[in-house]
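Enquirer: Pasting the sequence and the predicted coordinates here, then a few questions.
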Amino acid sequence: MSSAPVPTDPTPSDPDEASAFADLGLRAELLAALSALGYEEPTPIQREAIPPLREGRDLLGQAATGTGKTAAFALPLLQRMPEDRSGGDPLALVLVPTRELAVQVSEAFHRYGKDLGARVLPIYGGQPIGRQLRSLDAGVDVVVATPGRALDHIARGTLRLGNLGTVVLDEADEMLDMGFAEDIEAILEHAPAQRQTVLFSATMPARIDGLARQHLTDPVRIQIERERPVAGEAPRVRQSAYIVARAHKPAALGRVLDVESPTSAIVFCRSREEVDRLTETMNGRGYRAEALHGGMSQEQRDRVMGRLRSGTADLLVATDVAARGLDVEQLSHVVNYDVPSAPESYVHRIGRVGRAGREGVAITLAEPREHRMLKTIERVTGQRILIDKIPTVADLRTRRLALTQAALRESLLEDDLEPFRVIAESLTDEFDLMEVALAAVKLAHEATLPGSDDEAEEIPQVAVRPAREGRPGHEGRGERRGPARPRATGTVQVFVGLGRRAGVRPQDLVGAITGETGVRGRDIGSIEIADRFSLVEVPVGVADEVIQGLRGSTIKGRKATVRRDRDGDGDGGRFDSRERRDRR
């Protein structure tokens, strides 16, 4: 995905400066590759993880996104690779949640192991399977795969795990949230019992701990805390939020982006429909915006990422599923168009910026009713989110003038202005020098930033009162558009008109729900799959959101009837009586 892994320090290093990695016992070929890439010293997770992994120990590592986890497991894997690798079956399998991350990790392996002749293959859905079959048949050393496609190849007999020495579960919490738990279990059952198992996760919920207890043997446990800013030092990722009514969110987003002037930015939305709608809105407002979501083919997604990396586009509007694992070097801002429904999602989103030493900005547009969730995120992450006021028209005007001043200053310092001297001298014969300068500044301002500041409308500021004592969940009388989500504690079953005959599996349903809504995988209850339909248990408060999200998406490439289950009322359609028997 990215053109090269990002060094931990942007200053290129000399070969001798790789000594910090040499202290970890890495072979000369790896040190040479690291030096060429500009790596100067290992990150904390690399320093802690590489020695035990070199020794063949199992490892359970918790570290935030962007801390160097890929090199932490890739370097020791390459270090332990034998000289004689005539066999064709892979020696290591790395499981990742998304196709984008599969490509990114694969490229990192290629760059680290180029002098070792490492044969690395990414396999994922959306790529022609024939190419993958030919590569597997020719022989590979490391396979980087999404769980579903890995299981497909295992079932075909084209991915043989008999020689496997190491299995790595990267972004394990993401894989479980996307519904890959059964696939992971099946893959590990096919792997040799005597193997090294490595699990990395940004968060450590109970399910991850259970997975580790079941499949890891006496693991080394490493937990790398997020770097906290030193007193008086600016944080690496500046986090802020704006409280805004939903009706004004598109205008607020444009205003914030105008003031922030990001190099490039990702805006996270909950559903594909919202992604498409917001992309169209932002393009209409003059931004170069691109959409990215799970409903697009891999070829379409690759083209979008190519335009973002080349600078043809500067704003990516995406769902969580599509944007997991992305690393765009010039990315400076992440915007949560809605407050993520789980602190873990917030952590993963803002992890797109502030990676490997780069600074970044994380902005959240919160509706009044979402204010309490910001406090929950602060409590879980241990980091403060500053509640800011939406920039006013005056703020916008000031910012635009500052940008014009900066552009003129750069031109004065860098450009050859001599060809324009004759125009300036002829005008000063007729007008005052200051008047000529003012006219030139006005033209430069209008050319660089088309549109009049006077046309902009003020966006209403929404005051949020603290919750009243004894009435949890009451956020005062901030502006509210549309009905509030119910705060019921029960659950309801959602009927989905696709089942076993359509090849539907539990992970397909969980992936569709988490990808199209703000619902977490852990909030989804029991799933029943019959021949022609499925039933998914979800909290009552999110049922309508789930139904709308699934109606607008496809499952296994097909549209499905989606509604609340009407068990026993006799009006579920002509297949209901037969399908109810399937359930029993």
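Expert: All right, it came through fine. Please read all numbers here as calculations on a predicted model, not as lab measurements.

Enquirer: what's the single longest helix in the protein?
Expert: helix 393-414 (DSSP state H).

Enquirer: mean confidence score for it?
Expert: Along helix 393-414, the predicted confidence averages to a pLDDT of 79.

Enquirer: Using CSV, write out every CA atom in it.
Expert: Once side chains and other backbone atoms are set aside, the C-alpha atoms of helix 393-414 remain, and they are given as CSV (Å, rounded to 0.1, in the frame of the first residue of the first chain):
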residue,chain,number,x,y,z
VAL,A,393,-17.0,33.4,9.7
ALA,A,394,-14.5,35.8,11.3
ASP,A,395,-12.2,32.9,12.2
LEU,A,396,-12.5,31.6,8.6
ARG,A,397,-11.7,35.1,7.1
THR,A,398,-8.7,35.4,9.4
ARG,A,399,-7.4,32.0,8.5
ARG,A,400,-7.8,32.6,4.8
LEU,A,401,-5.9,35.9,5.0
ALA,A,402,-3.1,34.1,6.9
LEU,A,403,-2.9,31.5,4.2
THR,A,404,-2.7,34.3,1.5
GLN,A,405,0.1,36.0,3.5
ALA,A,406,2.0,32.8,3.8
ALA,A,407,1.7,32.1,0.1
LEU,A,408,2.9,35.7,-0.8
ARG,A,409,5.8,35.4,1.7
GLU,A,410,6.9,32.1,0.1
SER,A,411,6.7,33.7,-3.4
LEU,A,412,8.8,36.6,-2.2
LEU,A,413,11.5,34.3,-0.8
GLU,A,414,11.5,31.6,-3.5
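
Enquirer: Distance from the chain centre to the following helix or strand past that helix, please.
Expert: For helix 393-414, the following helix or strand on the C-terminal side (DSSP states H and E) is helix 421-428. Helix 421-428 has its average C-alpha position 53 Å from the chain's average C-alpha position, going by CA atoms, centre = their mean, to the nearest Å.

Enquirer: same question, stretch 45-65
Expert: What separates the centre of stretch 45-65 from the centre of its chain is 23 Å, taken as CA atoms, centre = their mean.

Enquirer: show me where pLDDT drops low in the stretch 451-584 of the chain?
Expert: Under the criterion pLDDT under 70, the flagged ranges of the stretch 451-584 of the chain are 451-456, 463-489, 566-584.

Enquirer: For it, which segments count as helices?
Expert: When assigned using DSSP state H, counting those that start in this stretch, the helices of the stretch 451-584 of the chain occupy the ranges 506-516, 543-551, 576-583.

Enquirer: low-confidence ranges in this structure?
Expert: Of all residues in the chain, those with pLDDT under 70 make up the ranges 1-19, 64-66, 86, 225-235, 321-325, 327, 354-358, 448-456, 463-489, 566-584.

Enquirer: Next, the buried residues of the one helix or strand residue 122 maps to.
Expert: Applying DSSP H and E as the criterion places residue 122 in strand 120-123. Using 16 or more other CB atoms under 10 Å as the test for burial, strand 120-123 gives 120-123. From N, CA and C alone the C-beta is placed, and that goes for glycine too.

Enquirer: And stretch 540-560, by the same measure?
Expert: 541-547, 549-550, 552-553, 555, 560.

Enquirer: how far does it stretch from start to finish?
Expert: Start and end residues of stretch 540-560 are separated by 21 Å (CA to CA, to the nearest Å).

Enquirer: Name the residues of the longest helix of the chain that are buried.
Expert: Along helix 393-414, the positions that meet the burial threshold by neighbour count (16+ other CB under 10 Å) are 396, 399-400, 403-404, 408.

Enquirer: which helices and strands sit right next to that helix?
Expert: Helix 393-414 makes packing contacts with helix 249-260, helix 433-448 when contacts are defined by 3 or more CB pairs under 8 Å, 6 or more residues apart in numbering; DSSP states H and E.

Enquirer: Most tightly packed of those?
Expert: Sort these by mean neighbour count, taking mean count of other CB atoms under 10 Å, and helix 249-260 sits at the top with a mean of 20.

Enquirer: And for the helix or strand that that helix is followed by, what's in contact with it?
Expert: Past helix 249-260, heading to the C-terminal end, the next element that is a helix or strand (DSSP H and E) is strand 265-269. Applying CB atoms under 8 Å, 6 or more residues apart in numbering, the set of residues contacting strand 265-269 from outside is 253, 257, 275, 278, 282, 314-320, 323, 326, 328, 331-338, 340, 349, 352.

Enquirer: List buried residues within those residues.
Expert: Buried members of those, counted by 16+ other CB under 10 Å: 253, 257, 275, 278, 282, 314-320, 323, 326, 328, 331-338, 340, 349, 352.

Enquirer: strands paired with the helix or strand residue 318 falls within, and their directions?
Expert: Element membership for residue 318 (DSSP H and E) is strand 315-319. Next to strand 315-319 in the sheet, as set by DSSP bridges, lie strand 265-269 (parallel), strand 289-292 (parallel).

Enquirer: okay, how far is it across stretch 173-184, tip to tip?
Expert: With CA to CA as the measure, what separates the two termini of stretch 173-184 is 12 Å.

Enquirer: List the buried residues in that stretch.
Expert: Of all the residues in stretch 173-184, those buried under the rule 16+ other CB under 10 Å are 173-181, 183-184.

Enquirer: can you put the residues you listed in a markdown table and add distance to residue 71 and secondary structure?
Expert: Supplementary listing: these in a markdown table, determined by distance: CB to CB, whole Å; DSSP: H, G, I helix; E, B strand; the rest coil:
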| residue | distance to residue 71 | secondary structure |
| --- | --- | --- |
| 173 | 20 | helix |
| 174 | 19 | helix |
| 175 | 20 | helix |
| 176 | 24 | helix |
| 177 | 24 | helix |
| 178 | 24 | coil |
| 179 | 28 | coil |
| 180 | 24 | coil |
| 181 | 27 | helix |
| 183 | 26 | helix |
| 184 | 23 | helix |
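
Enquirer: Which stretches in the stretch 151-300 of the chain count as strands?
Expert: Listed in chain order, the strands found in the stretch 151-300 of the chain under DSSP state E, counting those that start in this stretch are 166-169, 196-201, 220-223, 237-243, 265-269, 289-292.

Enquirer: any idea whether residue 308 is helix, strand or coil?
Expert: helix (DSSP: H, G, I helix; E, B strand; the rest coil).

Enquirer: Save the helices and strands packed on helix 393-414 as CSV, and put in distance to residue 137 too.
Expert: Output for the helices and strands packed on helix 393-414, formatted as CSV (distance: least, CB to CB, whole Å):
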stretch, distance to residue 137
helix 249-260, 49
helix 433-448, 56
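
Enquirer: Residue 536 is nearest to which of the ones you listed?
Expert: With CB to CB as the criterion, residue 536 lies closest to helix 249-260 of those, at 28.9 Å.
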